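In: turn this into a structure:
(2 chains)
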Amino acid sequence: EPEVTQTPSHQVTQMGQEVILRCVPISNHLYFYWYRQILGQKVEFLVSFYNNEISEKSEIFDDQFSVERPDGSNFTLKIRSTKLEDSAMYFCASSEALLRGEVGEKLFFGSGTQLSVL
Amino acid sequence: AQSVTQLGSHVSVSEGALVLLRCNYSSSVPPYLFWYVQYPNQGLQLLLKYTTGATLVKGINGFEAEFKKSETSFHLTKPSAHMSDAAEYFCAVGGSARQLTFGSGTQLTVLP
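Out: As a prediction, this is how the structure comes out:
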């Protein structure tokens, strides 16, 4: 079965440093997402991306965050200047294109990148 | 606005016993409801989803869930637990198709 691939599985960084989390979505998917899960807390939506632009974002996704699809296969999340509270498991997901009005798509999640900010 | 409450952060059952994981939601629009499972060191995997139609939804690995609008619930059940069912389970609600709100998760332990 096709899968979403995330690298690295673990990332350790110093506070204030920039990090880039990488994801390779499923090849024929057109919608891409980032979620995160702080230890002991809920999985939270960060951002969705379609047609080379952000389609939705949460209040967590402030100016320190950005996403990019630099080529035809990768989807990245950049945190410009990491804070201690950015430590979390970050999940990438992708889904197929939807017909107008169709809902409840199946999201395919990657196994996550555990980000530790020291 | 929408939210999800999962009752019980940890649930233990014996192998062969009924599994019941509880989920209640609130949503200002007709909800789309999901259950995801996360095995150790793996990503979130969709178990089942409810969008419209039949309120009893069957998913993978013998799990099913019933949407009860009057109770705002979407509890997950499985008649007979297997050791391989040990994992963390997340209920989620999506008012729109793309933006999911997750519950805090329930860790299921299956005892031999």
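In: grab the nearest non-local neighbour of B:Leu108.
Out: Taking CB to CB, 6 or more residues apart in numbering or on different chains, and ignoring the residues beside it in sequence, B:Leu108 has B:Val11 as its nearest neighbour in space, at 5.4 Å. No exception for glycine: its C-beta is placed from N, CA and C like everyone else's.
In: now do the same for the one you found: its pLDDT.
Out: In the prediction, the pLDDT value recorded for B:Val11 is 97.
In: that one: what secondary structure?
Out: Using DSSP: H, G, I helix; E, B strand; the rest coil, the structure places B:Val11 in strand.
In: for B:Thr109, see how far away it is.
Out: Relative to B:Thr109, B:Val11 is positioned 7 Å away (criterion: CB to CB, to the nearest Å).
In: one step back: residue contacts, the residue nearest to B:Leu108?
Out: Taking CB atoms under 8 Å, 6 or more residues apart in numbering or on different chains as the criterion, B:Val11 is in contact with B:Val19, B:Leu20, B:Leu21, B:Thr106, B:Gln107, B:Leu108, B:Thr109.
In: list only buried entries from the residues you listed.
Out: Among these, those buried by neighbour count (16 or more other CB atoms under 10 Å in any protein chain shown) are B:Val19, B:Leu21, B:Thr106, B:Leu108.
In: quick one: contacts for the third one?
Out: Neighbour list for B:Thr106: B:Gln6, B:Gly8, B:Ser9, B:His10, B:Val11, B:Leu21, B:Arg22, B:Glu88, B:Tyr89, B:Phe90 [criterion: CB under 8 Å, 6+ apart].
In: what about it, distance to chain A?
Out: As defined by CB to the nearest CB, to the nearest Å, B:Thr106 lies at a distance of 12 Å from chain A.
In: identify the farthest-apart pair in the buried ones among the contacts of B:Val11.
Out: Maximum pairwise distance among the buried ones among the contacts of B:Val11 (CB to CB): 10.2 Å, between B:Val19 and B:Thr106.
In: tell me which helix or strand residue 33 sits in.
Out: Chain wasn't specified; assuming chain A. Following DSSP states H and E, one finds A:Tyr33 within strand A:31-37.
In: wrong one, chain B
Out: Using DSSP H and E, B:Leu33 falls in strand B:32-38.
In: give me the contacts around that strand.
Out: Identification of contacts with strand B:32-38 by CB under 8 Å, 6+ apart yields A:103-104, A:109, B:21, B:23, B:25, B:44-51, B:59, B:63, B:65, B:67, B:74, B:76, B:87-95, B:97, B:100, B:102, B:105.
In: narrow those residues to those in strands?
Out: Applying DSSP state E to the contacts of strand B:32-38, the entries found in strands are A:109, B:21, B:23, B:25, B:44-50, B:65, B:67, B:74, B:76, B:87-94, B:102.
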